[in-house]
Structures are given as structure tokens and as C-alpha cells.
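Colleague: Requesting a structural model of the entry that follows:
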Amino acid sequence: MLLIIGTIRLPPDRLEDAKPVMERMISGSRGEDGCLEYSYARDVLDAGLIRVTEVWRDRASLDAHFRSRHIADWRSSWPTLGIGERNLVLYEAGEPMPT
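Modeller: Have a look, this model is predicted:
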């Protein structure tokens, strides 16, 4: 299982403009084979900071995701939306366990 955890930043005044593009990205990703979780969350204390959580079954699923049309559309929207700072890290994990 692979996890991508991190943040992206956009100008707070562009958040409403970004919402439809982000919704398409999330919906498209969640519909992909091998996507176990895909979510964005606004940071309560830092306007414009979006927390990213992705969980993928395996590398093949993640590689297919990187080739998808919705990720190309998402990335092409970054200049218009002012998205510049991205801090995402890929982790390899074992099977989930309850805490």
C-alpha cells in the first residue's frame, strides 16, 4: 500500500475558484482502480493551505493515476489558480491495523 501525504497552497481568495477543479480531481481519482482513499482538507488555522491524503493499492495503480486525464487537467489549472507550493511525500506502508 502506498500513501501520499502532504500539502498544497493557493491564495485564500482563489479557494472558491479552485473548488470545482478540486472536486473533479477528487471524483476522478476516487473512481480509479486501486484508489483506496483520496481527499483534500482545508487547514483550519492556515487559510489557503490544503492537506492532501491519498492511499493507493500498489505502484501500478499510482502510475496509472499519474497518467490520467483528470490529473493533467488539475495540473494545468495550477498557474491560473496560483498553486505553486506543493509538499507531498510518498510512503510505503503495510496492512492497516486498528489503533
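Colleague: Please pull up the helix or strand immediately following the helix ranked longest in the chain.
Modeller: In the chain, taking DSSP state H as the definition, the longest helix is helix 15-30. Using DSSP states H and E, the helix or strand that follows helix 15-30 towards the C-terminus is strand 35-42.
Colleague: and the angle for that next one with helix 15-30?
Modeller: Orientation of strand 35-42 against helix 15-30 (axes from the mean of the first three to the mean of the last three C-alpha atoms, to 10 degrees) gives an angle of 170 degrees.
Colleague: May I see the buried residues of the longest helix of the chain?
Modeller: The neighbour-count check on helix 15-30 (16 or more other C-beta atoms under 10 Å) flags 18, 21-22, 25, 28-29 as buried. Backbone N, C-alpha and C define where each C-beta goes, glycine included.
Colleague: Now do the contacts for the residue nearest the centre of the chain.
Modeller: Against the mean C-alpha coordinate of the chain, by C-alpha atoms, centre = their mean, the closest residue is Val52 at 4.9 Å. When the contact criterion is C-beta atoms under 8 Å, 6 or more residues apart in numbering, the partners of Val52 are 4-8, 39-40, 88.
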